[in-house]
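Engineer: Using only what follows, build the 3D model:
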Amino acid sequence: MRKKILNLVFGCSSLIALSLTACSPQKEGQNQSGSSKTQASTPEEAKNLINEKLESLKNKEQKEEIQKQLSESGDDITKLNKVLENVNLQLNLNNEINNLQFQYSVKGNEVREGSLANIYADGIDSPNDVFVQVKGKDEENKYLTIIKEVKPNKAKGEVEIKFDVVRRGYETVKISEKHIIKGFRTGDDPQRIFDQGINKSISNPSVIKAYIAKSQAERFASDNEDYIKALSRQLATKPDEDVSVESLRKRAGDSKLRKEITDDQYKNSKDKFDSLVKEKQANLDSFDNWLLKTFSVPLYDKDGKFQGFSINEGSQFGIGPSWIDSAQRNKFQINGYPRTILNEQYLRQALQTWHIEFANPARNEYIDENTRKREIIPNTFTPTAGTAWIMDYALDSTGTYPTKWYVGTNLHVAQALTNETNSFSIARLQKDTTQITNPNQLASTGYDFRIEKFNFLLGKTKKEEWPIKIVYTATDYLSKDPKDYLDASHQDFLKDKQEFADFAILEIDFSKIKSGNDDAGNYYFSTYGNPGAPEQFAANLRKIEDDLRKANGNESSLKIAQSNIAKFITNDYANLKGEHDKVEFIAQDYLHNYEKIDRPLDSEKKYDGDSLYAVGWPRADLDYKWDQYADEKEIKNKKLNYELWINKDGQVSIKNNKDGNWLSYVLGYRTINDKPGIVDAFISAPKNGAKFHEYDGKQWVSVGLNYSPKHYAPFGGSSGTSIRNQNNQLVAVFHSANQNAGAGLAVAFRSQGYDYKGIFKGDSKNYELPQYDLIYGGGKDQKEGASYREAMKKLYESQNIKTHLFPNGFADDEVPEKFKFSR
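Structural biologist: Model (predicted):
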């Protein structure tokens, strides 16, 4: 049975209190009660009092509910007094409703002036899209809200919501409310266009059966036709407008499709590219379709020679879901599955995966006129949260438990560790009681006794003494810059920008944990358990704290305490003995071994290939499995807590507890037609939306092999999720979620490269999907020194450090044969 526990705040997020003058409440059943007597001595007295109060109830549903309770109570005075209590509470609620104010959130956006301008009313069609809370601490403690229905009006940009205000502890004491929220974007939501144009008869078995019988190339052809129509319709400014690429290219100014490409370049390149694709059977979409998909496109001169690429200078748009990924499923439940551990691999991965959080100084919104910077707000911190996972550790020659650990995550998570960082924290599941569960048996970070948190104070110590640092980032890791792949006339767009893969490795050195406290009395290391945890759990946390503090000044005791902390936090990872208990990296990519991941859509067919596992810690905003009553506290605090999610949907794949999941059929990222889920980032997704990634004062272009995992696109906090196969082999790290598509992107740790059959080869320019290995190095397109192994070699060359992954050191000849490229 799932444990319900008091909240322990793990994040810093709040819902802005707002009473909307734009909302028009229509109150129901507002009446004055008669006698205020709340208890009766006899059944007859109770019935008389109840019937007297029933006269004051004008709301038909409320009256019928009380009459039903009265009928079911018979002459039982206890039950009758309960009914009397209910009718009194109902009348009180009816009287108070005029004075209640509500605060609103739509799809995670706090409702305030202008906050809904980019959200289509047409896209708000699920109770899960709206959150309503009673404003005011006293009222909030008395009442909760249950969303019953939402009705969008796309013409007016409004959404009518119906919800019940319920007295806490009394599910039948409620009043129905209607409110209108204004300020949404008008017109058709592009997602609706995808739903109409792409999501065919997804519940029709005959349609699915016919689709299953097709080859991957045939499936792409049929899906892509509908997808392109949907993309084109998004660019229409009026009904029945011609939205062919030719017509869109004739528009003036910024409305012109891919205006950065000249008419001559378009004319020279379109037919040449399409003919080469056909001639070489390259399984790539047409030039026009790549334009519409906002892909980078190859440019050719009038003689048909490749000149380089043109990268989309606008924003990505219109990446919609795959109808087959959504088939026979609830489209609101395809972004992952919360609070569940389905099998041994998910369990193994969950125990090796952390919620990690960095606290940095909060800053004023305004810029100081003197410093020209946003000033720090004293004693106030802003958290950045992500997912991290145990990857490697330094071997300890003394036989004590290792204290130097290496964890993987995204660069965009790790970069929150700055010179100003005040503290960082780790939350993880406790190994002794965490086990394979039925769906939704776990709770979020503030409510589950199995989750323990560890905080490390940094702010008052020198940075070189910190127990955490970044040892590797996959930045500037290739021998060519992104602009080198562009046509000469387009290179300015990527001037001063370099390539990156969104991956970084943190070193956490528990031997650097200080035993005392700072001048303000704050301990450098502290632990937190959730209320309700077994006493032994609390005792274990107290012990590792006490042992550290008692060791102050005693070097031998301090080392033992630090080693025990490392063992406790890492769930004794170093002592695991099972064949696949510890992670290793996959030696072949799935582009060249696609049959290993191409699971038949017919689940009855035999399949001996791989499946993929994702376990991350997103914020709890998108949890769709909560019970509105039993989980009311968690729902209220969802913006303050994080929870474990896996790569399953809420209806179909969740029933398969043997496997993980596979790659998505989403078309908006797919680079090669007949290989769903395979993505060349430079072509299909060089930036996230409209912006390039920013780090270290520069902008970075995403380059490399990516995968698009199926049914995994959780809320923020999931960044850094590791993608593994059933053998606990690391495949990729997840970095971008697209909730509209029900899929996202994960950068591969290893790419064997791909030459596209020479389609992008010219006299002076040549583009291939790069060959690289972020862990072992040695790819033909990779810079020397641009791998984890080489970074460690440089960092610890004089210290003779060895790790679990590199037990003989980091020299080139220590790379295992299976990770050496044949080139």
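Engineer: can I assume Thr384 is in contact with Glu357?
Structural biologist: Yes - under the criterion of C-beta atoms under 8 Å, Thr384 makes contact with Glu357 at 6.9 Å. Using the backbone N, CA and C atoms, a C-beta is placed for each residue, glycine as well.
Engineer: Of those two, which one has the most company?
Structural biologist: Shown here are Thr384 and Glu357; by other C-beta atoms under 10 Å, Glu357 has more neighbours (26 against 22).
Engineer: Surely that one is within a strand?
Structural biologist: Yes - read with DSSP: H, G, I helix; E, B strand; the rest coil, Glu357 is one of the residues of a strand.
Engineer: Now do it against Ser423, distance only.
Structural biologist: The spacing between Glu357 and Ser423, counted by C-beta to C-beta, to the nearest Å, is 9 Å.
Engineer: do the same with Phe715
Structural biologist: Phe715 is 23 Å from Ser423, by C-beta to C-beta.
Engineer: residues near Lys431, how many?
Structural biologist: 17.
Engineer: Asp572 is in contact with that one, correct?
Structural biologist: Yes - at 7.0 Å, Lys431 counts as touching Asp572 under the criterion of C-beta under 8 Å.
Engineer: Let me see the ranges of the helices in the stretch 451-600 of the chain.
Structural biologist: 535-550, 555-569 (DSSP state H, counting those that start in this stretch).
Engineer: now, of those, which is deepest in the fold?
Structural biologist: helix 555-569 (a mean of 18; mean count of other C-beta atoms under 10 Å).
Engineer: low-confidence ranges in this protein?
Structural biologist: Scanning the chain for pLDDT under 70 picks out the ranges 1-37, 190-191, 193-203, 363-376, 379.
Engineer: residue farthest from the centroid of it?
Structural biologist: No residue in the chain sits farther from the centre than Glu44, which is 58.9 Å out by C-alpha atoms, centre = their mean.
Engineer: Can I take it that that one is in a strand?
Structural biologist: No - counting by three-state DSSP, Glu44 falls outside a strand, being helix.
Engineer: For Tyr712, see how far away it is.
Structural biologist: Glu44 is 62 Å from Tyr712, by C-beta to C-beta.
Engineer: Neighbour count for Phe715 and Ser423, which is higher?
Structural biologist: Phe715 (22 against 18).
Engineer: wait, isn't that one in contact with Gly336?
Structural biologist: No - here Phe715 does not reach Gly336: they are 9.2 Å apart, not a contact under C-beta under 8 Å.
Engineer: Could you tell me which residues touch both of the two?
Structural biologist: The contact sets of Phe715 and Gly336 overlap at Pro618 (C-beta atoms under 8 Å, 6 or more residues apart in numbering).
Engineer: Any buried residues in stretch 673-690, and which?
Structural biologist: In terms of neighbour count (16 or more other C-beta atoms under 10 Å), stretch 673-690 has its buried residues at 673-688.
Engineer: what's the span of it, first residue to last?
Structural biologist: End-to-end distance of stretch 673-690 (C-alpha to C-alpha, to the nearest Å): 25 Å.
Engineer: and the residue lying closest to Gly742 once chain neighbours are set aside, how many residues sit next to it?
Structural biologist: Leaving aside its sequence neighbours, Gly742 sits nearest to Ile334 (C-beta to C-beta, 6 or more residues apart in numbering; 3.8 Å). Ile334: 27 surrounding residues under other C-beta under 10 Å.
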